[in-house]
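1. Quick one: sequence and predicted model below, then my questions.
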Amino acid sequence: MRQTQTQAYKQEQEQEQAQAQRQVLADLRRRFQAARQRTDRLFDWVDASAYTQAGIPLRHPVVFYHGHFDAFLFNTVFKRVLKQASFHPAFDDLFERGIDPASLADADVHARSDWPDRATVAAYKTEVWQHLEALFDRLLVDDGALVASARLPLLQQALWMAYEHELMHQETLLYIIHQFPHAHKRPPESYTLPVAGPVPDVTFQPVPAGLAMLGAEPGDFPFVWDNEQWATAVAVEAFSMQTHPVTHAEFLDFVTAGGYQTPSLWSESAWAWVQTAGVEGQPKTHPHQWFQAADGTWQLRSLFEDLPLPLSWPVYVTHAEAEAYCRFVGRRLPTEAEWHRAAYGDHADWRYPGGAVSPEAVGGGGHLNFTGWTPVPVGSAEQPANPYGLKDMHGNGWAWTATPFAPLPGFEPSPLYEPYSQDFFDGAHYVVCGGSPFTDAQLTRRSFRNWFYWHYPYTYTGFRTVQ
Ligand code: AVJ
Ligand code: FE
């Protein structure tokens, strides 16, 4: 009697667990579908001639990214975890990994004239997608054995990984598309003229000494990348942080004061870079997306049109330029821990910006999540709560930190994707925090970490100073 009661209880528990499991999977399926709809729209913005061109000379052409999303999904979920045979091994390989070569000569090694055409890539994508839908059908409807199998946790991790990989590459794709001449792009119907706004005064907010929490505890989120493992408390001294990100107006002072011509403001390697990083290998004299019109006025190459430099928008620059600016004004970049302290204060329980409990709840705060097609005047977007009155901590541009990207204590490369983080623990990549207009809210969970190479000029990354 007792025995059967225990059994019944166990069975009931197992059923409940399976039910909860199915809900997580159903939620993930919805996320995938929404992400895919957005992805399809983004690729529609580029015309046929741009499709086979590299918007960024050191990167693959657009066609690579079109296939990469799906090759990554197929390789990770179906080949690695489910040990399924490939239906197109050549494409799985061709589209497997992006490139990050150091020079144009190295990039030539990867150059090829025989990229498959758009319809062929689209057919491959459709077939991978059918695999994914069939897998979700098995998981959600008719394959109890797979749901109960020991492989489920790894499978679920692989699915999340492919999903977040797609979200990240939506942003990559955006800053690549950004580089194409406007004639090759078609703005979405929702595109509206960018907004202007007042330039705020440069002010600072005190952030008291205390603990910053980096990384996640196991179980905090359904999925974290290897570099978020594991939670680490870092003691931070008191400091003051700039209320808003540095604006175009502030950075223009640096440009007109001769910042790009003053070696003492740059590290030795940054100065060497400035000497050749301009147009056609000339000295660099301004941020990547700026240019001077014939009458000398400063213009911004925005995603879909050129604009007179919007002075109230955040400036996007490399780490080298951000550091030079800091020397110019006698301030410095925050460390990763300082940035976290400033964003979350003593709110140990905040999982997402402003205490939101889910990425959906973040949707209403911060200029994030593809809600617009340009940056906005600093501090003008609806803001998630911040304990110190800081604006645009999340959204309107990633923020450089002074911290080289490095593992947290407890780091292990993920067996699903070993090189993901560890290839970049090289002292030349720096942590960036927050998010840009083209960052999905999913990627704003507290423990998420992003990074870029110190003189990579294309991303939607600015900075704010501390003192
Ligand atoms: C984490 C955004 C720096 O874009 O290079 C995508 C993400 N890695 N595919 C990048 C990534 C491999 C990565 N970042
Ligand atoms: Fe990738």
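-> Now that the structure is in, tell me what you want to look at. Ligands and ions are numbered 1, 2, ... in the order given.
2. quick one: Trp373 from Ser447, how far?
-> Trp373 sits 29 Å away from Ser447, taking C-beta to C-beta, to the nearest Å as the criterion. Glycine gets a C-beta too; all of them are placed from N, C-alpha and C.
3. So those two - more neighbours on which side?
-> Taking neighbours as other C-beta atoms under 10 Å, Trp373 and Ser447 compare with Ser447 leading, 22 against 19.
4. Would you confirm that that one contacts Asn227?
-> No: counting by C-beta atoms under 8 Å, Ser447 stays clear of Asn227, with 9.1 Å between them.
5. Would you mind listing what in this protein touches ligand 1?
-> Neighbours of ligand 1 within the chain, by C-beta under 6 Å from any ligand atom: 165, 168-169, 172, 420, 450-451.
6. The closest residue to Gln53 other than its chain neighbours: what's it in contact with?
-> Distance criterion C-beta to C-beta, 6 or more residues apart in numbering; nearest residue to Gln53, sequence neighbours excluded, is Pro61 at 5.2 Å. By C-beta atoms under 8 Å, 6 or more residues apart in numbering, the residues touching Pro61 are 51-55, 115.
7. do that again at 7 Å, thanks
-> 52-54, 115 (C-beta atoms under 7 Å, 6 or more residues apart in numbering).
8. Nearest to Asn396 among the residues you listed?
-> Ala54 (27.5 Å; C-beta to C-beta).
9. ok, the closest one - how many residues close by?
-> Other residues within reach of Ala54, judged by other C-beta under 10 Å, total 20.
10. Pretty sure it sits in a strand.
-> No: read with DSSP: H, G, I helix; E, B strand; the rest coil, Ala54 is coil and lies in no strand.
11. per-residue pLDDT, Thr39?
-> We note a pLDDT of 96 for Thr39 in this prediction.
12. Okay, and it sits in which element?
-> For Thr39, the host element (DSSP states H and E) is helix 2-44.
13. packing partners for that helix?
-> helix 118-137, helix 144-148, helix 152-178 (3 or more C-beta pairs under 7 Å, 6 or more residues apart in numbering; DSSP states H and E).
14. tell me the most buried of those?
-> Compared across the helices and strands packed on helix 2-44, helix 152-178 shows the largest average neighbour count, a mean of 20 (mean count of other C-beta atoms under 10 Å).
15. Now do that one: distance to the chain's middle.
-> Taking C-alpha atoms, centre = their mean, to the nearest Å, one finds the center of helix 152-178 at 10 Å from the center of the full chain.
16. show me the contacts for the nearest residue to His88 once chain neighbours are set aside.
-> Take His88 and drop its neighbours on the chain: the residue closest to it by C-beta to C-beta, 6+ apart is Tyr124, 5.8 Å away. Residues near Tyr124 by C-beta under 7 Å, 6+ apart: 67, 70, 88, 91.
17. burial of the first one, as a residue count?
-> Other residues lying near Gly67 total 24 when counted by other C-beta under 10 Å.
18. what stretches of the stretch 1-150 of the chain score poorly on pLDDT?
-> Scanning the stretch 1-150 of the chain for pLDDT under 70 picks out 1-3, 99-103, 109.
19. can you do 50?
-> Within the stretch 1-150 of the chain, no stretch has pLDDT under 50.
20. Any idea which residue of it lies closest to ligand 1?
-> Taking C-beta to the nearest ligand atom, ligand 1 has its nearest neighbour within the stretch 1-150 of the chain at Gly98, 6.0 Å off.
21. How about the residue in the chain that ligand 1 sits nearest to: what's its closest non-neighbour residue?
-> Nearest residue of the chain to ligand 1, counting by C-beta to the nearest ligand atom: Met168, 4.5 Å away. Counting by C-beta to C-beta, 6+ apart, Leu443 is the residue found nearest to Met168 once chain neighbours are left out, at 6.8 Å.
22. Now do the one you found, the pLDDT please.
-> With respect to pLDDT, Leu443 has a value of 97.
23. can you map out the strands along this structure?
-> Along the chain, the stretches classed as strands by DSSP state E are 204-207, 210-214, 232-236, 239-242, 290-292, 298-301, 306-308, 397-404, 429-435, 450-453, 461-462.
24. The last one: partners in the sheet, and parallel or antiparallel?
-> Looking at strand 461-462 with DSSP bridges, its paired strands and their directions are strand 397-404 (parallel).
25. cool, the first one as well?
-> Strand 204-207 has its sheet partners listed here by DSSP bridges as strand 239-242 (antiparallel).
26. repeat for the fifth one
-> Strand 290-292 has the following sheet partners, assigned by DSSP bridges: strand 298-301 (antiparallel).
27. what does the partner strand rub up against?
-> Outside strand 298-301, the residues that touch it by C-beta under 7 Å, 6+ apart are 252, 289-293, 306-310.
28. For ChimeraX, write the select line for the buried members of these.
-> Filtering the contacts of strand 298-301 down to the buried ones (16 or more other C-beta atoms under 10 Å) takes a single ChimeraX command:
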select :252,289,290,309,310
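29. Serialize the contacts of strand 298-301 to CSV and add fields for distance to Pro153.
-> Formatted as CSV, these follow (distance: C-beta to C-beta, whole Å):
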residue, distance to Pro153
Leu252, 52
Gln289, 43
Trp290, 48
Phe291, 51
Gln292, 55
Ala293, 57
Asp306, 50
Leu307, 49
Pro308, 53
Leu309, 50
Pro310, 47
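30. so which of the contacts of strand 298-301 comes closest to Pro415?
-> Relative to Pro415, the closest of those is Gln289; by C-beta to C-beta it sits at 39.1 Å.
31. What's the local residue count around the closest residue to that closest one other than its chain neighbours?
-> Leaving aside its sequence neighbours, Gln289 sits nearest to Arg301 (C-beta to C-beta, 6+ apart; 4.7 Å). When neighbours are counted by other C-beta under 10 Å, Arg301 registers 16.
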